[in-house]
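[1] Build the 3D model from these lines:
(3 chains)
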Amino acid sequence: MSADVAVPGEVTVAHAYAAPPASWRLLARKPAFVAGAGILLLWMACAVLGHLIAPYDPLAQQLLARNAAPSGTHLLGTDPLGRDVLSRVISGARDILTIAPLATLLGAVLGTALGLIMGYFGGIVDAVISRIVEAVLALPVVIVAFLFVVAVGPSSLTLIVVIGFIFTPLIARTVRTAVLIEGQQDYLPAARLLGERPAYIMIAEILPNVLPVIVVEFTVRLGYAIFAVATLSFLGFGVQQPTPDWGGDIAANYGLLGAGYWWETLFPALAIASVVMALNLVTDSIEQVLSS
Amino acid sequence: MTEQQADAEPGPRAVPAAGPTLRVEHLEITYRVRGQDRPVVRDVSFEVGRQESYGLVGESGSGKSTVALALVRYLARNGRVSGGSISINGLDPLGLSAARLRDLRARTVSMVYQEPSRALNPSIKAGRQIAEVFQIAGLDRASSLDKARDMLRKVQIADPGRAMDRYPHELSGGMAQRVVIAMALAAEPALLILDEPTTALDATVEAEILDLIAELRRELATSVLFISHNLAVVASMCDRVGVLYAGELVEEGTARQVFGEPAHPYTVALLHCIPRRGQRKDQGRLDAIPGFLPQPGRVTAGCVFAERCSLAADECRTAPPPAFPLGGWHSSRCYRHSEVAELPKTTVYEGGEPGQTARPVAPLVTISSLSKTFGTGQNAVRALANVNLKIWRGETLGLVGESGSGKSTLARTLLGLIPPDRGSVLELDGTALSASLPKRTLEQLKALQIVFQNPDSALNRRRSVRWLIARPLRRLAGLSGRRLAERLDDLIRSVRMEARQLNLRPGQLSGGLKQRVAIARAFGGGPRLVVCDEPTSALDVSVQAAILNLLADLQAKEQVTYLFISHDLGVVRYLSDRIAVLYLGRIMEIGPAEQVFAGPHHPYTEALLSAVPSLDGKRTERIRLTGEIPAAASPPSGCVFHTRCPRRLASGACEHAEPGLDEVEPGHFISCHIPFGELRRLQAPGIAVQVKDQAQK
Amino acid sequence: MTLYLLRRVLLAVVTLWILSIIVFFAGQVLPGDPGRAVLGPFAAERAVRAYDHQLGVDRPLLVQYFGWIGGLLHGNMGTSYTYRSPVEPFIASALANSGKLALLALVIIVPLGIAGGVVAAVYSGRIIDRVISLSGLAGSTVPEFVSGIVLILVFGIALKALPITAATDPGASFADQLDHLILPVIPLVLVLFGYIARMARAGTVEALDSDYARTAVLKGLRRRTMIRRHILRNSLLPTITVIATQTGYLIGGLVVVETLFNYQGIGRLIFNAANGKDFPMLEAGVLVIGVVYMVATLIADVLYTALSPRLRVGAAS
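    Numbers count the residues shown, from 1 in each chain, chains lettered A, B, ... in the order given. A predicted model of the protein is given here:
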């Protein structure tokens, strides 16, 4: 077909009046999703079973084997304290894969509640919250997190609460938009005419319809949560040493890059990149399936 | 005039030496969906002769728009022409190189489609968009703009100079469509494709645009392919007509042949299920076509219509019928085309008391000084201005008016969905109705329900039919357990659905079935008044009749009152006992349906009625409105209709004073300065036309 | 138009005020005892008290807040705990340095992102689209320090092609400065490319799908002309807003990049202030970032309004 004839978009011929195939089955058919989910599962296994898989104790220092290059004994080499990099990378999955999902979940729950209220009631409630959202938006997530973590002192709980709170208005804004779109549908006045109360309408009528949006938003935010946790750890305000952590280990070792000890930094960096990429593949697939 | 000849004597006509403008032969189009090829157009052949106007009619999924897009080679990426050939002025668009195809599009064929405001680029001025056509043809900028202005003059747009400098969003729907038409005709194409060009417009504007198209066609000697779902529009605009059903051309002939002596059961059924002028619910039910439109892309062994056809025999189900020539241009793809004329009525009237019941002493609903203003200050829009109305028990009050007339606002304030202005009074059974829904009693909530226009929007798509219908039974009727289950069963049957369909979700139902679910929900709590807000306008014609019948039956059975809103006057007339005509939030006329339709009526009602094209193709005896519907934010002084009224008084009274709503006959009120006797005299010819129309049936 | 502008500025001011409360809360309420924080756990209680009194943090919260905000309004952003001198000069020089880095990033990213998005849209569904979309997505979620380290490894250490620090000697030539900024800019570009390309793609796909695009093609226009004349203007307008929003994230990225590449910008300033518990410096830095963001979005909104005929005319009438 010549370029002049190509037309964007596809016509969807209505496929029977039959049940659409289950979303997860469509997902399972996407190679991108399978690959992404596989990598994520691998890291989750590391997070849960890290102490069983890791060849060494991630905290055990071997003073005779400092900065050892990758070899048969230490597949990914050792760090300046002689700790096994592979073991630290495996164990490092745990904190980040706990903190990021919990923070996102907190943000998603609060944000959904807030978004439903903003979108459904509108008016002053909406205006006030929208201002606050905009103010939070005016600052990069990392910097706000940073500000609060510095003020309160770093701990896993602080990270979860702070990132969760920062995500709340962001997710609320997305949910609000989705609710506003639903608000134009006639099933809402129909429900009001049955005497349904606002809380019921929000939870039983609107929520099921905006759920796909929330799912997509959750996966997208999860990516940013990992981003934020890793960055904060790198800056020294996340998971504290000596606990194995990818961002923290990079921060501790990148100064030695110039000396040629690249493995201590590269492998944790690749670990972060692989989690993020895997998550992206999953998110992208989910988005495609939900929007088709 | 060729078209008049064709109209006068249906018969073969010599094809001009140059051949037809458009020839489509055995066209097959498939879409690839989820890895499967689905044929959506099958073996379609037709011709559009020089200066001829050819109509393609069909319901949704018939493939009519797909055919149009194939002609200009603009199918969606997953669609392709899988067989047959197209020839426009001897050129095959499917085989042209990119440059030649551009040339064909630039000079030979142009297209106008449904939503005029979307067809124009929002960020380029109207004049520049028209001028672009001339620039493609090689003219310089200045003369292109001059020519664009000429085109705007030609499409009779008000103030062409100003229209040139307007952005599309500053144009009304009618003006935007004029701009689009000007753009389409600028290159003086040999073939003009019109795809539902007036469907998105109001009735009076539609009439204007149709007149304009007819006039320009004569002037420019262009061939026209006119695509529409509206049989009457096609009948009035086209010389010859092809009827598409499920991707196949089932019948073809001159407009008079197809609509006068239809020879395919589908055409006959389609014509039967439209309420003819004057048909009323107490004179019998409409003929509905059983079953659903087949899903696009489904392959059937025999005739595509067989499963909905009462004549279908064995052969119809085994081999697809060829096109049987019936003399002249007429042909039908039906084995039993000779029996079609005696096709029996499919719907039997199931009783119910015909005729009007005596009016009860007290009205069910009283609306007094109802006003509704949206926005404040300078942006205030008065959607309803001091409306007074009584709705009587068991009647159907039809609410008629164009967009912006306040029909839906009136219904929604009554329901309590939007609060009216202070000072408005709503009463149910003589007791005040609170403006706010939560403050209404359970009895009041039960009493007032609604059926929305679009069931897709009105039904929560995440819920099962059972959930949707059970909710009002629980909330309003207070049922639970076995009694709930029994009532659920009753209710689903009363809307002619089956109990097993309770487990489905709306997405698994066809449009008609979805609307039945919505009706069942409205009737679940035992309502006394149901607002029907354009309940059939999102549905196909063949499904509409069944819904209207259902509404009429339910009314007869449950003694429910309807407030019936529709822009389709035929539909309103079929169901309504009384009719109120709204214009810019004010009642122009209200009275018994027969009197409002028969006249003498308000000049606006007169204009609305004469804007409706009729199936016999007559386009005479009309009064036409000029100008646009004024914005509700700044209504005209005096009588709000005076800016468009063709019967405006010379005395100037219309400009200065708002007329009262006066009772001109018992129960018939008109808000007009022209005395009733004078209206009778002015509208006398109109009555003659209608009488003739009735006689024809 | 002026009315709209006025409204918009007013809203920005309200937002800034809310922002100031957030910053104040985080910087002065949560830490509890700055004197203890600065002087350390072993300082004498009396010294801490005296220091707190000197800082004024023993006053009631409201008094502190109004004192602080009043100072801000007079251009007095506070006194650094660490340097015991006004913070403004530090902020100003850091801002100028970060400005260079951010500007360079924007100059690269805006055309690149828009072009990427438009190309992806025009060839939507094909390989090139998947490549652009997925690499954009990947780039936007891989933290800057990860991509930064890979870059340092490859270009700085393995290839020795580029300097791995961003700082230059005072008085360095423009070319020299540029050379030092190339590596730091790439992680920023990677993060932002995805966002901008994604928006540009979405807008363009929507425009290409529109009825008016069909009208233009059926007029007989070349596809290239059609895209230039009818698509871009409509599709890129929303992208302006995204670019402005992303300046905020850009500055967020600066904290990491400046730390990684040892560059004296606002990000590094904030980082050091946080490490040293220098709250006035921290607050001032964060607030300045907020202001930059607000100004950027304000400009974007005004630009959007000026370029969109619908809004332009709507606001005038």
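
[2] quick one: the helices in the stretch 1-150 of chain B?
    B:2-8, B:64-71, B:98-107, B:116-119, B:126-136, B:141-154 (DSSP state H, counting those that start in this stretch).

[3] ditto for the stretch 1-150 of chain A
    A:23-28, A:31-53, A:85-121, A:123-137, A:141-152.

[4] nearest to chain B, of those?
    helix A:23-28 (9.9 Å; CB to the nearest CB). C-beta coordinates here come from the backbone N, C-alpha and C atoms, glycine included.

[5] Any stretches of the stretch 351-500 of chain B with poor pLDDT?
    The stretch 351-500 of chain B contains residues with pLDDT under 70 at B:351-360.

[6] which ones are touching the closest residue to B:D533 other than its chain neighbours?
    Of all residues not flanking B:D533 in the chain, B:I565 sits nearest, at 4.9 Å (CB to CB, 6 or more residues apart in numbering or on different chains). Residues counted as contacts of B:I565 (CB atoms under 8 Å, 6 or more residues apart in numbering or on different chains) are B:G398, B:L399, B:K407, B:S408, B:A411, B:V531, B:C532, B:D533, B:E534.

[7] how much space is there between the second one and B:T536?
    Taking CB to CB, to the nearest Å as the measure, B:L399 falls 14 Å from B:T536.

[8] follow-up on the earlier one: got the helices of the stretch 1-150 of chain A as a markdown table, with distance to B:E498 columns?
    Shown next, in a markdown table, are those (distance: least, CB to CB, whole Å):
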| stretch | distance to B:E498 |
| --- | --- |
| helix A:23-28 | 28 |
| helix A:31-53 | 38 |
| helix A:85-121 | 36 |
| helix A:123-137 | 44 |
| helix A:141-152 | 54 |
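
[9] Redo the ones you listed as CSV? Include mean pLDDT and mean neighbour count.
    Below are these laid out as CSV (pLDDT from 0 to 100; neighbours: other CB atoms under 10 Å in any protein chain shown):
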stretch, mean pLDDT, mean neighbour count
helix A:23-28, 75, 14
helix A:31-53, 89, 16
helix A:85-121, 92, 23
helix A:123-137, 79, 17
helix A:141-152, 77, 24
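
[10] Comparing B:L399 and B:T536, which residue is more hemmed in?
    B:L399 (28 against 24; other CB atoms under 10 Å in any protein chain shown).

[11] SS state for the more buried one?
    When classified by DSSP: H, G, I helix; E, B strand; the rest coil, B:L399 comes out as strand.

[12] That one reaches B:F564, doesn't it?
    Yes - taking contacts as CB atoms under 8 Å, B:L399 lies within contact range of B:F564: 6.7 Å.

[13] Quick check: the gap between the residue of the stretch 501-650 of chain B found nearest chain A and B:Q501.
    Closest to chain A within the stretch 501-650 of chain B is B:Q508: 5.2 Å, counting by CB to the nearest CB. Taking CB to CB as the measure, B:Q508 falls 9 Å from B:Q501.

[14] what's the residue in the stretch 51-200 of chain A that chain B sits nearest to sitting at in phi/psi?
    Using CB to the nearest CB, the closest approach of the stretch 51-200 of chain A to chain B is made by A:D186 at 4.0 Å. Main-chain torsions, A:D186, degrees, to the nearest 10: phi -80, psi -10.

[15] Spit out the contact partners of it.
    A:D186 neighbours (CB under 8 Å, 6+ apart): B:F452, B:Q453, B:N454, B:S457, B:A458.

[16] In stretch B:386-403, which residues are buried?
    B:386-387, B:389-402 (16 or more other CB atoms under 10 Å in any protein chain shown).

[17] quick revisit: just the buried ones from the contacts of A:D186, in ChimeraX syntax?
    Buried members of these, defined by 16+ other CB under 10 Å, are picked up in ChimeraX with:
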select /B:452,453,454,457,458
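
[18] you'd agree B:E196 is up against B:H229?
    Yes - taking contacts as CB under 8 Å, B:E196 lies within contact range of B:H229: 7.0 Å.

[19] which SS class is the closest residue to B:F676 other than its chain neighbours?
    In this structure, B:F676 finds its nearest non-sequential neighbour in B:V664, 4.1 Å apart by CB to CB, 6+ apart. Three-state assignment for B:V664 (three-state DSSP): strand.

[20] quick one: contacts for B:V664?
    B:P600, B:I670, B:F676.

[21] Can you name the residues that contact residue 104?
    Picked chain A for this. Contact partners of A:T104, counting by CB under 8 Å, 6+ apart, are A:I163, A:G164, A:F167, A:F218, A:R221, A:L222, A:A225.

[22] nope, chain C
    C:L178, C:L181, C:V185.

[23] Let's verify the last one: helix, strand, or coil?
    Look at C:V185: counting by three-state DSSP, its state is helix.

[24] Could you give the residue of chain C that lies closest to chain A?
    Closest point on chain C to chain A, by CB to the nearest CB, is C:G252, at 2.3 Å.

[25] for that residue, what are its contacts?
    A:L139, A:P140, A:V141, A:V142, A:I143, C:G267.

[26] and it, what element?
    Taking DSSP states H and E as the definition, C:G252 sits inside helix C:232-260.

[27] Which SSE is immediately downstream of that helix?
    For helix C:232-260, the following helix or strand on the C-terminal side (DSSP H and E) is helix C:266-275.

[28] That following helix: which residues count as buried?
    C:I266, C:G267, C:R268, C:L269, C:I270, C:F271, C:N272, C:A273, C:A274.

[29] which residues touch it?
    Helix C:266-275 is contacted by residues A:143, A:146-147, A:150, A:235-237, C:80, C:82, C:90-91, C:94-95, C:97-98, C:251-259, C:262, C:278-279, C:281-282, C:285-286, C:288-289 when judged by CB under 8 Å, 6+ apart.

[30] Derive a PyMOL selection command for the buried subset of those.
    This is how PyMOL selects the buried members of these, with burial counted by 16+ other CB under 10 Å:
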select buried, (chain A and resi 143+146+147+150+235+236+237) or (chain C and resi 80+82+90+91+94+95+97+98+251+252+253+254+255+256+257+258+259+278+279+281+282+285+286+288+289)
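
[31] domain parsing for chain C?
    In terms of domains, chain C is parsed into C:2-73, C:91-316 (source: automatic domain parsing).

[32] Residues of the stretch 51-200 of chain B that sit close to chain C?
    Residues of the stretch 51-200 of chain B found near chain C (CB under 8 Å from any CB of the partner chain) are B:72, B:74, B:77, B:102-107, B:110-111, B:113, B:115, B:118-124, B:132-133, B:136, B:167, B:169-170, B:180, B:183.

[33] State the distance from A:F165 to chain C.
    Look at A:F165 and chain C: by CB to the nearest CB, to the nearest Å, they are 11 Å apart.

[34] What score does that residue have for pLDDT?
    At A:F165, the model reports a pLDDT of 88.

[35] Check the secondary structure at it for me.
    Classified using three-state DSSP, A:F165 is helix.

[36] Format the helices of the stretch 1-150 of chain B as TSV; extra columns: mean pLDDT and distance to B:V48.
    TSV is the format used below for the helices of the stretch 1-150 of chain B (pLDDT from 0 to 100; distance: least, CB to CB, whole Å):
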stretch	mean pLDDT	distance to B:V48
helix B:2-8	39	12
helix B:64-71	92	10
helix B:98-107	92	15
helix B:116-119	88	22
helix B:126-136	94	22
helix B:141-154	94	23
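
[37] about what we covered before: which of the contacts of A:T104 lies at the shortest distance from B:K147?
    A:R221 (55.1 Å; CB to CB).
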